[in-house]
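>>> Predicted model and sequence below, questions to follow.
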Amino acid sequence: MNPLWTLVPPLLVIPFIIFFGERHRNLREASIIIAGLALLAINDRIYSAVINGEVVESGSLSILANFSLRLSAEPMGVMFGLLASFLWVVTTVYSIGYMRGHNEQNQTRFYVCFALAIACVMAAAYADNLLTLFVAYEAITLSTFPLVTHAGNDASRKAGRLYLLLLMCGSIGLFLPAIIWIATAAGTLDFRAGGILADAGLSKTSLTILLALCVFGVGKAAVMPMHRWLPAAMVAPTPVSALLHAVAVVKTGVFTILKLITYTFGIDLVSTTGASDYVLPVVAFTVIASSLIAFTKDNLKARLAYSTISQLSYIVMAALLATTMSVMGGALHIVMHAFGKITLFFCAGAIMVSLHKKNISELDGMGKRMPITMACFFIGALGIIGLPPASGMWSKLLIAGGSLESGNAIWIGVLMLSTLLNIAYLLPIPLRAFFKPAAQPQPEGWSEAPVPSLWAIAVTATCCVLLFLFPHPLMNLLGLIEWR
Amino acid sequence: MISDQLPALVIVIPMLAAPLCVLVRKPIVCWAIALVANFLVVLSAWALFEKVREDGVIRYALGGWAAPTGIEYYVDMMNATMLLLVSFISCVTLVYAYKSVSKTVLTSKHYLFYAAWMLCLTGLLGISITGDAFNVFVFLEISSLSMYMLIAFGTDRRALTASFRYLIMGSIGASFILIGIGFLYAATGALNMVDLAQRIPDAESQRAVLVAFSFLTIGLMIKSAVFPLHGWLANAYQHSPIAVTAFLAGTATKVSLYVLLRFFFSIFGPDYSFGAMLLNVVLLPAAVAGFVLLSLVAIFQSDLRRMLAYSSVAQIGYIIAAFCLASQSGLTAGIVHIINHGIIKTALFMSVGCILYKVGHTHSHSLDNLMQKMPLTVTAFILSGLGLIGVPLTVGFVSKFSLISAAMERGWWMVGALVLLSSLFAIVYIGRVVEIMLFRKSRTETPAPVGRSEAPLMMLVPMYVLIGISIWFGVSGSTTLSVAADAAAALLGGYQ
Amino acid sequence: MSILGLYNYWIVIILMMAGLYILIARYNLIKKMIGLGVFQTSIFYLYISLGKVQGGSAPILADGVTVYSNPLPHVLILTAIVVGVATTAVALALIVRIYESYNTIEEDEIKAIEALERDL
């Protein structure tokens, strides 16, 4: 199986989307779902091939003298690819309800850019070298820009400007120099087991600077102070916030950092030289600070956005701890957090469509009107916090174990503190909805989200629980990572 | 054998096409003559390019008079590339020009327009191919004089003053070059470039060589619009007919940069220019200040043509900075950017020309929601704009990546960092316009009726040809990089 | 050779600087052209004096003449003179057109008109 095939469904579906357009909405959306399922099947094939130890790679296309574009499958990438393709299908189902319920304009452009972004995410997931990853990374930024500015009003244009500015400034101003530095120091940009910088003879200071350039340059990972774009991007339609800003875009950021630590720096180099000593505190600060900010936000999507920032920094922290256990935990958290957070975003969107409410303070008593949504919200919240029976527990456990392994228990403290904060800012929302009486008398009966959206919510919430019960397929996959 | 006469054909064909145009006078026929001539030139340049690539340097004695008595044409990888680039861009732009010229220039003057275009092409190709220093000056003036004329064809009366200012600056520049060549002749007694290169090392101690070097440097800096001697460029680009702007942006300054390369590297040699003469001290600050400041200035321009003109000066800054590295990788980066920037800037000006054709002006603040009206043009603008910024998979990325790697190889971290900084400015000035064209709702009370109203196909097709090529060169950058590397090697290797 | 012995070069320098000064300092376009003319003429003079050989005669083959002036710079400068004439012609044509559309050939006045147009 050539990983190039993963680019085919999302790209192939674009002409269909444009062709069907607004006139045949059902056909348009059906074609996307078919493409999504095809993509899922391809990713599944790659998964079984990788599990069976087969080599999965594409040919290469040389774009610069010594550097080429090339795709190949490795465990973390397969996991990310599977995740993104599965959630693409689910999100499309959700969007059908949301976009129609909300009467959004320019839906065709929306779906085209969405498909384009997914194709870029696939390229990022299966990138065989840093150059390919960088190209895909930039392409994701550009293809999601029209999604952020979708509404076309002043607020969304402003958000779009911030989005482009922060992400592009980071990637061109910091990440690209880092890549060129790596290229000159190591002579290659390939991802190799054990990293390529071990023999490059860089001093600790150089490595620290290089690492900082990478961590802050990958603006999609939203480590403070590069995080501002994420709350701003919440002006986008909810499916965009859900898939792109809880899964595809931000996860590409942390995925990039995980890949860098594992295959470019090498975990041994990072842990023995202590290159991450100065970056880790900033990341830990982000974890705590953004949890605290989330606490103060009344707007539901804004609270979720800051919660995302905090969770992303978990993963970055896990990567920087640079032990096998922590990196596995970080990789696993990509999936676990994705299911939890997408559920929460879906719920937020459903509340917006059915009840037209955006703020948490208005949700008192709404559990009676949207019981299913609120129940799913509760499960999603558990997933984020990391309480059984939801999925987040495994990854947090691994990260905590990793920080013990690295011999620095202070990071466990950070984890625990932020978990407490998670409980404090997430759980009250469903609790208020179910147990507090509404401020004004409410009409009787349910007023649930549109049916397709409800299905999507139910699926992701179920997955949260299933992943708690059966994490093995993913654990087996991550067990195949070659560390040295 | 005709293939032996290729170097002469490249010059003779457009030179004969010019008087032919004047004799015929019928607009469409003139255009056809110019186009056919130009197409033949592209073919000859291509054949020449392939020949040089396979068999190495071609030395052609014009009229059978061997050097040093006669004028020699010397073709290596460097100028074969330039010939191909210039003739190709001219050919594509000429196809594009027909519609836009028909709209803006008086029909009775068309024949003069195409004649001037052919003369300008002759001059530019002549500069690129000749191996004789004085001949460079002559061709330089041929191209410049016809260029002043082409610029003056602009609709706005400011085109006249722009042309006049360019004439003053251009004449000073050309005169400086003439003085430089004179001193070189006084010091060495040679005008043939190969002879000059051989004799200069012995004459290096003479004051005359130093004086020649200084005059040439300033003259060439004016001609290639290196900051801070770029004053003539913005007005000229803004007010000339848009097809001419597209043509000039892709070729004129590039050819001057080529002359700069030829003099500094082949004739004086990098050791003298960048070692003894400390050319870096003059050129590098100018280049760096140019690309940083003018990218910044471009942000504040409301006229698209002016914005792109300033961006051009900034790009010239990149190219000069790459030359200053005076290494194989640096020269490769500079030459590859000459090719890449020539293509994308021409495409960008073409898309602006399409906007001008349909909308009637190029003020960025009233182009709201242009995407609805002219999707193809706007897409072209975006695609080539991304190339200008240097987004991966576009030509700009290939150039900038090579430039920064070359700078780091030399240990010039600051230069690399500033290149990136100015790329960020490029995001702002391109992004600002794209945002208006894509997302801003019309602010006027009565929004213009929405409906497709694209530029004619004869303008769109050439534009997309260039964009296609730029994408090809962006995705497989090795194509251009290997050519540029050969050209750089030819320059550094000196004359054979 | 004494400094005065190189008087021809002194003249070249004086002419060159005078021409360049007029070119930069005068606002009247015609005067600018005069400056350019003086400037270019100084270059012609430079080339011509380069080719002169002390005591040499015109480079025509004849009996009894052994010292010739170098003909090459003189030939070159013929070309340069032609170029100079062409430049002047184009410039004057442009000035006529400028006068027709702006009604002035003073650069500062033209600039004022253009600035006014930009503000509108």
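Ah, there it is. Residues are numbered from 1 along each chain as shown, chains lettered A, B, ... in the order given.
>>> biggest helix in the chain by residues?
You didn't pick a chain, so chain A it is. Using DSSP state H, we find that the single longest helix of chain A is helix A:324-355.
>>> my bad, chain C
helix C:71-102.
>>> What residues sit buried inside that helix?
C:72-74, C:76-77, C:80, C:83-84, C:87-88, C:90-91, C:94-95, C:97-98, C:102 (16 or more other Cβ atoms under 10 Å in any protein chain shown). The C-beta positions use only the backbone N, C-alpha and C, and glycine is treated the same way.
>>> and the residue in the stretch 101-250 of chain A that chain B sits nearest to, how many neighbours does it have?
Residue of the stretch 101-250 of chain A nearest chain B, by Cβ to the nearest Cβ: A:V135 (3.9 Å). Residues near A:V135, counting by other Cβ atoms under 10 Å in any protein chain shown, number 22.
>>> list the helices and strands the helix or strand harbouring it packs on?
If you go by DSSP states H and E, A:V135 is part of helix A:130-148. Using 3 or more Cβ pairs under 8 Å, 6 or more residues apart in numbering or on different chains; DSSP states H and E as the contact test, the elements touching helix A:130-148 are strand A:68-72, helix A:107-125, helix A:154-168, helix A:176-186, helix A:249-259.
>>> would TSV of these with mean neighbour count and mean pLDDT be doable?
Conversion of the helices and strands packed on helix A:130-148 to TSV gives the following (neighbours: other Cβ atoms under 10 Å in any protein chain shown; pLDDT from 0 to 100):
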stretch	mean neighbour count	mean pLDDT
strand A:68-72	22	85
helix A:107-125	25	88
helix A:154-168	20	84
helix A:176-186	21	86
helix A:249-259	27	90
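>>> Report the contact partners of the residue in chain B positioned nearest to chain C.
At 4.0 Å from chain C, B:R157 is the closest residue in chain B, using Cβ to the nearest Cβ. For B:R157, the contacting residues are C:98, C:101-102, by Cβ atoms under 8 Å, 6 or more residues apart in numbering or on different chains.
>>> hmm, try it at 7 Å
Contact analysis of B:R157 by Cβ atoms under 7 Å, 6 or more residues apart in numbering or on different chains lists C:101-102.
>>> can you check C:G84 too?
C:G84 is in contact with C:Q40, counting by Cβ under 7 Å, 6+ apart.
>>> and what of B:G494?
Counting by Cβ under 7 Å, 6+ apart, B:G494 makes contact with B:197, B:266, B:269.
>>> Just the buried subset of these, written out for ChimeraX, thanks.
Per 16+ other Cβ under 10 Å, the buried members of the contacts of B:G494 correspond to this ChimeraX selection:
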select /B:197,266,269
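>>> on that earlier part again, I'd like the distance between the residue of the stretch 101-250 of chain A closest to chain B and B:H337.
Distance of A:V135 to B:H337, computed by Cβ to Cβ, to the nearest Å: 19 Å.
>>> Report how many residues lie close to the nearest residue to A:S395 once chain neighbours are set aside.
Spatial nearest neighbour of A:S395, chain neighbours left out: A:H333 (3.7 Å); criterion: Cβ to Cβ, 6 or more residues apart in numbering or on different chains. Residues near A:H333, counting by other Cβ under 10 Å, number 27.
>>> Which pLDDT does the model give A:H333?
For A:H333, the pLDDT comes out at 89.
>>> which residues does it contact?
A:H333 is in contact with A:314-315, A:318, A:395, A:399, counting by Cβ under 7 Å, 6+ apart.
>>> Give me the subset of those residues that lies in helices.
Per DSSP H, those map to helices at A:314-315, A:318, A:395, A:399.
>>> Skip the chain neighbours and tell me the closest residue to A:A289.
A:M224 (6.5 Å).
>>> give me phi/psi at the one you found?
The phi and psi values for A:M224, taken as degrees, to the nearest 10, are phi -60, psi 140.
>>> same check, this time on C:I60
phi -120, psi 130.
>>> From chain A, how far off is it?
For C:I60, the distance to chain A (Cβ to the nearest Cβ, to the nearest Å) stands at 59 Å.
>>> neighbours around that residue, how many?
8.
>>> so where's the chain uncertain?
Since no chain was named, I'll use chain A. Scanning chain A for pLDDT under 70 picks out the ranges A:65, A:444-445.
>>> Sorry, I should have been clearer: chain C.
Low-confidence segments of chain C, defined by pLDDT under 70, span residues C:1-3, C:119-120.
>>> does the most centrally placed residue in it count as helix, strand or coil?
Among the residues of chain C, the one closest to the centroid is C:Q40, at 1.5 Å (Cα atoms, centre = their mean). Following DSSP: H, G, I helix; E, B strand; the rest coil, C:Q40 is assigned to helix.
>>> ok, it - contacts?
B:175, C:84.
>>> how far away is it from B:N192?
C:Q40 is 25 Å from B:N192, by Cβ to Cβ.
>>> how many neighbours does C:A18 have?
That count, for C:A18 with other Cβ under 10 Å as the rule, works out to 14.
>>> Pop out the phi and psi values for it.
Dihedral angles for C:A18 - degrees, to the nearest 10 - are phi -60, psi -50.
>>> how close does it get to C:V83?
Separation of C:A18 from C:V83 (Cβ to Cβ): 21 Å.
>>> so who does A:L11 touch?
A:L11 neighbours (Cβ under 7 Å, 6+ apart): A:A119.
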